[in-house]
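Peer 1: Prediction below, plus the sequence it came from.
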Amino acid sequence: MTESPYYFRSFDEIEDRIDDNYNSPKYDMIKTILSKAKYRIIDLGDPQYLKRIVSGKTPKGIQYLDDGIPFLGSTQVLFGKVELKEAPRISRVIHETTLVSSQIKNGNVLVTMAGTIGRCAVYDLDDKCNSNQAIAILEINENEIEPDFLVRFLNSQLGQLFFGKLQHISSQPNINLEEIKRIKIILPNKLEQKDILSRILTIEGKAKKLEEDAEDEIEYADRFLLDRLGIQVPREEMANYFFKSGRDKETLCFVVPSSETSDRMNYLFYHPKYDILQFMQKRYSTEKLGNICAEPIHRGEQPEYDETGDIKVIKTVNIKTTYIDYENCLKVSQSFFEKYPLAQVKKNDILATSTGYVSMGKVAVHNKDETVIVDGHISIIRLKEEYDPYFVAFFLRSHLGQLQFEKWFSGSSGQIEIQPEDLNQFVLPDNSEHGVPLAKQREIAATIIAKLNESHDLEERAKRKWDEARETFEQMIYGTV
């Protein structure tokens, strides 16, 4: 049975906000936890502890570059970690002029303010960095508070309850700087903070080791397909794509005879790094992706979301590096689902993210019997039975596939996409004797799946360790609730 959405509040319980979320009984736990606090309680916004809090902005007409200063959004700030790799880049001039107030320094605490509210992390790098309006940047008085302690508190049960209570519920949930300053912090003295962190870091160290082991399994899986095809690629090249990393350290000066050009006039289309695709075509009998599909490649539909709907919608954000995140999918109604048959996904369909700087080129197989659809940023690739969908998906994820996403995309300044007709042109080994027969495809896919399963198991063990660290922190600050 779901909880009742109805509740009553007496006048003396209502504070300075009338909205139903702010006054919800589910946040009564805040008072319960604070009553068990083992240390003093302060307001985060007290100038004694918080020296400065600002948020960034996205200037009108901003251009993203192949190389430059990382420009963080909410997707780059995770719980306890900042991911710079896939952040868009801006010019140093913009960083030092228009966005000078939102420069991020080593030791700053970052808090997501829009979309997913309240993910917090310490920026622990010396590299220059900036952020858009979805991030709050907190400069802490480190004589009073260890930034690592504050982040663990804000990511704890009590911290997340504050973010839940103070946020504004809308189509794009958000929280402002003044509301963040109202969060109450249970604060031991500096020596006690260090002692608590020492114990927590020991547990977190074990979690990080498990995550590293999981990454090793993924790296093995990424290289396995290339190894079985006998194609050697330097490791540094496998992490260097124009639309993924935003940079290319080699010169872009090269010469292509006119006899080797086609009707594609983008000079990057002829970059020497794509010669490896020709090597594959000489080594194997190949076929174009469009010719091995049972139906034309097509995209989904822009959803009309329905909180009471039953049909999950897979969006770009739900397609991860090695899996599909079904748990956090938004939903549409059955009538919307039936209205758009081309957006409907069948089991073993390959899904490829097809738009957006950084996000384009993620690939996964829908492996559930569950009924789902995809939005207009996802391409559906439905293969003939003579090809293994996992092998093809792993090929598209591999260096040979990612190069082709890079080769065939269109657009600029961050507004890039891969059209279905260009996906049709991707080349891969066919299923003939001189290509990769179906039995071998399945063998390669099975090994990669096993490695990815091992990685997922390690990630789950790491997650349990992270949970142990959080629970231990809470126990030391305010005991069991």
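Peer 2: Everything's here; your move.
Peer 1: Distance of residue 224 relative to residue 438?
Peer 2: 18 Å (CB to CB, to the nearest Å). (C-beta placed from N, C-alpha, C; glycine too.)
Peer 1: what about these two, which has more around it?
Peer 2: residue 224 (17 against 14; other CB atoms under 10 Å).
Peer 1: Surely that one touches residue 451?
Peer 2: Yes: between residue 224 and residue 451 there is a contact under CB atoms under 8 Å: 7.0 Å.
Peer 1: Distance from stretch 94-110 to the middle of the chain?
Peer 2: In terms of CA atoms, centre = their mean, to the nearest Å, the centre of stretch 94-110 is found 22 Å from the chain centre.
Peer 1: residue contacts, residue 148?
Peer 2: Neighbouring residues of residue 148 by CB atoms under 8 Å, 6 or more residues apart in numbering: 122, 197.
Peer 1: hang on, it in a strand?
Peer 2: No: if the criterion is DSSP: H, G, I helix; E, B strand; the rest coil, then residue 148 is helix and not within a strand.
Peer 1: Can you report how many residues neighbour the closest residue to residue 274 other than its chain neighbours?
Peer 2: Take residue 274 and drop its neighbours on the chain: the residue closest to it by CB to CB, 6 or more residues apart in numbering is residue 407, 5.5 Å away. By other CB under 10 Å, the residues close to residue 407 number 22.
Peer 1: Look at residue 407 and report its pLDDT.
Peer 2: Predicted confidence (pLDDT) for residue 407: 91.
Peer 1: contacting residues for it?
Peer 2: Taking CB under 8 Å, 6+ apart as the contact definition, residue 407 lies against 268, 269, 271, 274, 277.
Peer 1: is it true that residue 114 touches residue 134?
Peer 2: Yes: under the criterion of CB under 8 Å, residue 114 makes contact with residue 134 at 4.2 Å.
Peer 1: Show me what stretch 305-325 is in contact with.
Peer 2: 75, 218, 221, 303, 326, 328-334, 336-337, 345, 351, 353, 355-356, 359, 362-364, 366, 370-375, 377-378, 452, 455-456.
Peer 1: Using ChimeraX, make a named selection holding only the buried ones among the contacts of residue 407.
Peer 2: Buried residues within the contacts of residue 407, by 16 or more other CB atoms under 10 Å, are selected in ChimeraX with:
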select :271,277
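Peer 1: Among the contacts of residue 407, which lie within helices?
Peer 2: Using DSSP state H, the members of the contacts of residue 407 that fall within helices are residue 277.
Peer 1: Let me have the contacts of residue 407 in TSV, adding distance to residue 120 and pLDDT as columns.
Peer 2: Shown next, in TSV, are those (distance: CB to CB, whole Å; pLDDT from 0 to 100):
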residue	distance to residue 120	pLDDT
268	38	74
269	42	83
271	40	83
274	42	89
277	43	94
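Peer 1: Which members of the contacts of residue 407 are positioned in strands?
Peer 2: If you go by DSSP state E, the contacts of residue 407 have nothing in strands.
Peer 1: State the distance from the residue nearest the centre of the chain to residue 200.
Peer 2: Nearest residue to the geometric centre of the chain (CA atoms, centre = their mean): residue 75, 5.7 Å. Look at residue 75 and residue 200: by CB to CB, they are 26 Å apart.
Peer 1: Apart from its neighbours in sequence, what residue is nearest residue 139?
Peer 2: residue 52 (4.1 Å).
Peer 1: Which helix or strand in the protein has the lowest average pLDDT?
Peer 2: helix 242-245 (a mean of 58; mean pLDDT, DSSP states H and E).
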